[in-house]
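1. Predicted model and sequence below, questions to follow.
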Amino acid sequence: MLSNFTKPTASVPLILSAPLSIGNVGALSIDMLVANSSGAKRVAVLQSAFVAPLVCADAVALDAHSQQQHIACALELYQVDNAFCLQMRSPIRKGHAAKFTNELIAWIKEMGFSQVILLTSFDMFKRTDTQIQSGSLLRFFSSLEASSTRTKCEQKLGWTPLEPFNRPEEMKEGDLFPPESGLCQKIYDGLVKDPAVECLVLSWFAPADGFHFQHATGMAKALNELLDLGANDAWKLPYSWHEAALSSMTATSLYT
(Lines give C-alpha, C1' and ligand atoms only; values in the text may rest on other atoms or scores of the structure.)
Protein backbone atom coordinates (compact mmCIF):
# COMPACT_ATOMS: atom_id res chain seq x y z
CA MET A 1 0.00 0.00 0.00
CA LEU A 2 1.55 3.29 -1.14
CA SER A 3 1.08 6.40 0.97
CA ASN A 4 2.47 9.92 1.34
CA PHE A 5 1.86 9.62 5.08
CA THR A 6 4.76 9.23 7.49
CA LYS A 7 4.62 7.22 10.68
CA PRO A 8 2.99 9.19 13.57
CA THR A 9 5.43 10.36 16.21
CA ALA A 10 2.95 9.59 19.01
CA SER A 11 0.94 6.47 19.73
CA VAL A 12 -2.57 7.11 18.38
CA PRO A 13 -5.68 5.08 17.50
CA LEU A 14 -6.79 4.29 13.96
CA ILE A 15 -10.47 4.04 13.01
CA LEU A 16 -11.39 2.02 9.94
CA SER A 17 -14.42 0.26 8.55
CA ALA A 18 -14.44 -3.41 7.62
CA PRO A 19 -15.01 -3.55 3.83
CA LEU A 20 -18.06 -5.43 2.52
CA SER A 21 -20.05 -5.16 5.77
CA ILE A 22 -23.82 -4.85 5.58
CA GLY A 23 -25.13 -1.39 4.72
CA ASN A 24 -21.65 0.14 4.74
CA VAL A 25 -22.55 1.70 8.10
CA GLY A 26 -18.97 1.97 9.33
CA ALA A 27 -17.70 3.88 6.30
CA LEU A 28 -20.69 6.24 6.40
CA SER A 29 -20.08 6.91 10.09
CA ILE A 30 -16.48 7.94 9.33
CA ASP A 31 -17.74 10.49 6.80
CA MET A 32 -20.25 11.74 9.36
CA LEU A 33 -17.57 12.09 12.03
CA VAL A 34 -15.09 13.87 9.74
CA ALA A 35 -17.77 16.24 8.42
CA ASN A 36 -18.81 17.29 11.93
CA SER A 37 -15.42 17.53 13.63
CA SER A 38 -13.85 20.96 13.76
CA GLY A 39 -10.25 20.83 12.63
CA ALA A 40 -10.61 17.48 10.85
CA LYS A 41 -8.30 17.31 7.84
CA ARG A 42 -7.20 14.89 5.16
CA VAL A 43 -3.53 14.10 5.78
CA ALA A 44 -2.83 11.44 3.15
CA VAL A 45 -4.08 9.68 0.05
CA LEU A 46 -3.29 5.97 -0.14
CA GLN A 47 -3.02 3.69 -3.17
CA SER A 48 -3.59 -0.03 -3.49
CA ALA A 49 -3.46 -2.22 -6.57
CA PHE A 50 -6.33 -4.21 -5.07
CA VAL A 51 -8.78 -1.29 -4.79
CA ALA A 52 -10.56 0.22 -7.80
CA PRO A 53 -9.42 3.82 -8.48
CA LEU A 54 -11.89 6.60 -7.79
CA VAL A 55 -12.10 10.38 -8.06
CA CYS A 56 -15.25 12.24 -7.03
CA ALA A 57 -16.48 15.45 -5.41
CA ASP A 58 -15.66 15.99 -1.74
CA ALA A 59 -17.80 13.51 0.20
CA VAL A 60 -17.55 15.19 3.63
CA ALA A 61 -18.32 18.81 2.71
CA LEU A 62 -21.40 20.27 4.39
CA ASP A 63 -22.48 22.55 1.52
CA ALA A 64 -22.46 22.67 -2.28
CA HIS A 65 -19.77 25.35 -2.51
CA SER A 66 -17.31 23.50 -0.27
CA GLN A 67 -17.99 20.25 -2.09
CA GLN A 68 -16.53 21.69 -5.30
CA GLN A 69 -13.30 22.85 -3.63
CA HIS A 70 -11.78 19.42 -3.12
CA ILE A 71 -11.92 15.94 -4.60
CA ALA A 72 -12.22 12.60 -2.83
CA CYS A 73 -10.22 9.48 -3.70
CA ALA A 74 -10.53 5.73 -3.16
CA LEU A 75 -8.44 5.56 0.02
CA GLU A 76 -8.02 8.59 2.27
CA LEU A 77 -6.56 9.13 5.72
CA TYR A 78 -8.09 11.85 7.92
CA GLN A 79 -6.89 13.23 11.23
CA VAL A 80 -9.70 13.95 13.67
CA ASP A 81 -8.37 15.47 16.89
CA ASN A 82 -6.34 12.72 18.59
CA ALA A 83 -7.19 9.90 16.17
CA PHE A 84 -6.85 8.94 12.51
CA CYS A 85 -9.63 7.64 10.25
CA LEU A 86 -8.97 5.51 7.19
CA GLN A 87 -11.77 5.90 4.66
CA MET A 88 -12.31 3.51 1.75
CA ARG A 89 -14.71 4.77 -0.91
CA SER A 90 -14.13 2.24 -3.68
CA PRO A 91 -14.69 -1.55 -3.83
CA ILE A 92 -11.96 -4.16 -3.64
CA ARG A 93 -11.20 -5.71 -7.01
CA LYS A 94 -12.90 -9.07 -7.48
CA GLY A 95 -10.85 -11.95 -6.12
CA HIS A 96 -8.38 -9.74 -4.24
CA ALA A 97 -10.00 -9.41 -0.80
CA ALA A 98 -7.39 -11.58 0.94
CA LYS A 99 -4.48 -9.72 -0.68
CA PHE A 100 -5.94 -6.36 0.27
CA THR A 101 -6.49 -7.51 3.86
CA ASN A 102 -2.86 -8.62 4.18
CA GLU A 103 -1.65 -5.35 2.66
CA LEU A 104 -3.83 -3.30 5.01
CA ILE A 105 -2.65 -5.15 8.12
CA ALA A 106 1.00 -4.76 7.08
CA TRP A 107 0.51 -0.99 6.64
CA ILE A 108 -1.24 -0.64 10.02
CA LYS A 109 1.64 -2.41 11.76
CA GLU A 110 4.23 -0.38 9.88
CA MET A 111 2.57 2.85 11.04
CA GLY A 112 2.63 1.69 14.67
CA PHE A 113 -0.93 2.62 15.66
CA SER A 114 -1.54 1.87 19.34
CA GLN A 115 -5.15 0.81 18.86
CA VAL A 116 -7.34 -0.13 15.92
CA ILE A 117 -11.06 0.57 16.14
CA LEU A 118 -12.71 -1.66 13.55
CA LEU A 119 -16.22 -0.71 12.51
CA THR A 120 -18.69 -3.22 11.14
CA SER A 121 -22.41 -3.98 11.03
CA PHE A 122 -24.70 -6.98 11.48
CA ASP A 123 -28.11 -7.88 10.08
CA MET A 124 -30.68 -6.43 12.50
CA PHE A 125 -33.28 -8.94 11.34
CA LYS A 126 -31.16 -11.79 12.71
CA ARG A 127 -31.01 -10.49 16.26
CA THR A 128 -31.93 -12.72 19.15
CA ASP A 129 -34.85 -11.84 21.42
CA THR A 130 -32.38 -10.64 24.06
CA GLN A 131 -30.63 -8.36 21.58
CA ILE A 132 -33.93 -6.88 20.46
CA GLN A 133 -35.06 -6.29 24.04
CA SER A 134 -31.79 -4.55 24.97
CA GLY A 135 -32.90 -1.47 23.01
CA SER A 136 -29.39 -0.72 21.75
CA LEU A 137 -28.10 -1.36 18.23
CA LEU A 138 -24.47 -0.88 19.29
CA ARG A 139 -22.15 -3.67 20.41
CA PHE A 140 -18.43 -3.77 21.19
CA PHE A 141 -15.73 -6.42 21.43
CA SER A 142 -12.11 -5.97 22.53
CA SER A 143 -9.14 -8.22 21.80
CA LEU A 144 -7.81 -7.47 25.29
CA GLU A 145 -9.51 -8.91 28.36
CA ALA A 146 -8.37 -5.99 30.50
CA SER A 147 -7.96 -2.51 29.03
CA SER A 148 -8.99 1.01 29.93
CA THR A 149 -10.97 1.26 26.68
CA ARG A 150 -12.93 -1.88 27.45
CA THR A 151 -13.70 -0.59 30.94
CA LYS A 152 -14.84 2.77 29.58
CA CYS A 153 -17.12 1.14 27.00
CA GLU A 154 -18.87 -1.07 29.52
CA GLN A 155 -18.83 0.90 32.77
CA LYS A 156 -18.77 4.59 31.82
CA LEU A 157 -20.63 4.53 28.50
CA GLY A 158 -22.89 1.59 29.34
CA TRP A 159 -22.36 -0.18 26.04
CA THR A 160 -23.34 -3.82 25.61
CA PRO A 161 -20.54 -6.34 24.96
CA LEU A 162 -21.03 -8.39 21.81
CA GLU A 163 -22.94 -11.58 22.60
CA PRO A 164 -21.73 -14.91 21.17
CA PHE A 165 -23.51 -15.80 17.95
CA ASN A 166 -25.33 -19.08 17.47
CA ARG A 167 -25.71 -19.46 13.72
CA PRO A 168 -24.38 -22.94 12.86
CA GLU A 169 -25.93 -22.71 9.40
CA GLU A 170 -23.78 -19.63 8.59
CA MET A 171 -20.71 -19.77 10.82
CA LYS A 172 -18.02 -22.35 11.35
CA GLU A 173 -16.32 -23.11 14.66
CA GLY A 174 -14.00 -20.30 15.70
CA ASP A 175 -15.89 -17.53 13.91
CA LEU A 176 -16.46 -14.46 16.08
CA PHE A 177 -18.42 -12.46 13.52
CA PRO A 178 -21.15 -13.45 11.04
CA PRO A 179 -20.72 -13.28 7.23
CA GLU A 180 -22.49 -9.92 6.87
CA SER A 181 -19.71 -8.24 8.86
CA GLY A 182 -17.55 -8.28 5.72
CA LEU A 183 -13.80 -8.60 6.20
CA CYS A 184 -14.05 -7.91 9.94
CA GLN A 185 -13.01 -11.43 10.97
CA LYS A 186 -10.00 -11.52 8.61
CA ILE A 187 -8.75 -8.08 9.65
CA TYR A 188 -9.30 -8.85 13.33
CA ASP A 189 -7.46 -12.18 13.10
CA GLY A 190 -4.51 -10.50 11.42
CA LEU A 191 -4.28 -7.71 13.98
CA VAL A 192 -4.59 -9.73 17.17
CA LYS A 193 -1.42 -11.65 16.36
CA ASP A 194 0.36 -8.61 17.80
CA PRO A 195 -0.56 -8.44 21.51
CA ALA A 196 0.80 -4.89 21.74
CA VAL A 197 -2.10 -3.57 19.66
CA GLU A 198 -5.67 -3.53 20.95
CA CYS A 199 -8.32 -4.21 18.34
CA LEU A 200 -11.68 -2.83 19.41
CA VAL A 201 -14.62 -3.89 17.25
CA LEU A 202 -17.68 -1.63 17.21
CA SER A 203 -20.71 -3.12 15.49
CA TRP A 204 -24.14 -1.77 14.65
CA PHE A 205 -27.30 -3.73 13.86
CA ALA A 206 -28.74 -2.45 10.58
CA PRO A 207 -30.96 -3.66 7.72
CA ALA A 208 -29.37 -4.75 4.46
CA ASP A 209 -31.44 -2.36 2.34
CA GLY A 210 -31.97 1.38 2.45
CA PHE A 211 -29.82 4.42 3.11
CA HIS A 212 -28.23 4.13 6.55
CA PHE A 213 -27.65 7.73 7.57
CA GLN A 214 -29.44 7.30 10.90
CA HIS A 215 -27.36 4.24 11.81
CA ALA A 216 -24.16 5.96 10.64
CA THR A 217 -24.96 9.00 12.78
CA GLY A 218 -25.47 6.74 15.79
CA MET A 219 -22.11 5.06 15.30
CA ALA A 220 -20.36 8.41 14.71
CA LYS A 221 -21.76 9.74 17.98
CA ALA A 222 -20.57 6.60 19.75
CA LEU A 223 -17.04 7.13 18.39
CA ASN A 224 -17.14 10.74 19.53
CA GLU A 225 -18.15 9.65 23.04
CA LEU A 226 -15.45 7.02 23.21
CA LEU A 227 -12.52 9.09 21.97
CA ASP A 228 -13.63 12.63 22.95
CA LEU A 229 -13.08 13.84 19.40
CA GLY A 230 -14.84 17.18 19.90
CA ALA A 231 -17.42 16.77 17.17
CA ASN A 232 -20.12 19.43 16.90
CA ASP A 233 -23.20 19.05 19.08
CA ALA A 234 -25.55 19.79 16.17
CA TRP A 235 -24.79 16.93 13.81
CA LYS A 236 -25.25 17.74 10.12
CA LEU A 237 -25.41 15.44 7.11
CA PRO A 238 -22.63 15.73 4.52
CA TYR A 239 -23.96 17.52 1.45
CA SER A 240 -23.35 14.44 -0.70
CA TRP A 241 -25.95 12.57 1.37
CA HIS A 242 -28.80 15.05 1.07
CA GLU A 243 -30.77 13.72 -1.87
CA ALA A 244 -30.55 10.08 -0.78
CA ALA A 245 -31.13 10.83 2.89
CA LEU A 246 -34.17 13.02 2.37
CA SER A 247 -35.76 10.55 -0.03
CA SER A 248 -35.31 7.68 2.43
CA MET A 249 -36.45 9.37 5.64
CA THR A 250 -39.19 7.51 7.43
CA ALA A 251 -42.14 9.33 8.97
CA THR A 252 -41.39 8.01 12.45
CA SER A 253 -44.35 9.92 13.91
CA LEU A 254 -46.59 7.29 12.30
CA TYR A 255 -45.15 4.65 14.61
CA THR A 256 -44.73 6.52 17.89
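-> Done, it's in. Numbering: from 1, shown residues only.

2. which element is Asn102 on?
-> Assigned by DSSP states H and E, Asn102 falls within helix 97-111.

3. Next SSE downstream of that helix?
-> Assigned by DSSP H and E, the successor of helix 97-111 is strand 115-123.

4. which residues of this protein fall in strands?
-> 2-3, 13-17, 41-47, 55-57, 71-73, 75-80, 83-88, 115-123, 138-142, 160-161, 198-206 (DSSP state E).

5. From the contact counts, what lies against the last one?
-> I take that to be strand 198-206. Packing contacts for strand 198-206, counted by 3 or more Cβ pairs under 8 Å, 6 or more residues apart in numbering; DSSP states H and E, involve helix 25-35, strand 115-123, strand 138-142, helix 148-151, helix 184-191, helix 213-227. Every C-beta, even on glycine, is put in place using the N, C-alpha and C of the backbone.

6. what angle do it and strand 115-123 make?
-> 20 degrees (axes from the mean of the first three to the mean of the last three Cα atoms, to 10 degrees).

7. Out of the strands of the chain, which is closest to Gln131?
-> Of all the strands of the chain, strand 198-206 sits nearest to Gln131, with 7.2 Å by Cβ to Cβ.

8. residues in contact with the closest residue to Leu33 other than its chain neighbours?
-> Sequence neighbours aside, Ala220 is the residue nearest to Leu33 in space, at 4.3 Å (criterion: Cβ to Cβ, 6 or more residues apart in numbering). By Cβ atoms under 8 Å, 6 or more residues apart in numbering, Ala220 lies in contact with 29-30, 32-33, 36, 231, 235.

9. and those as TSV, adding pLDDT and distance to Gln214?
-> Formatted as TSV, the contacts of Ala220 follow (pLDDT from 0 to 100; distance: Cβ to Cβ, whole Å):
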residue	pLDDT	distance to Gln214
Ser29	95	11
Ile30	95	16
Met32	93	10
Leu33	93	15
Asn36	91	15
Ala231	78	16
Trp235	88	11
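
10. Would you point out the most distant pair within these?
-> The widest separation within the contacts of Ala220 (Cβ to Cβ) is 13.8 Å, between Ile30 and Trp235.

11. With neighbour numbers in mind, choose between the two.
-> Neighbours were counted for Ile30 and for Trp235 using other Cβ atoms under 10 Å; Ile30 has more, 27 against 14.

12. do you know how far Leu229 is from Gly39?
-> 10 Å (Cβ to Cβ, to the nearest Å).

13. between the two, which one's more packed in?
-> Shown here are Leu229 and Gly39; by other Cβ under 10 Å, Leu229 has more neighbours (22 against 9).

14. Excluding sequence neighbours, find me the nearest residue to the more buried one.
-> Leu229's closest residue in space is Asp81 (Cβ to Cβ, 6+ apart), at 4.6 Å.
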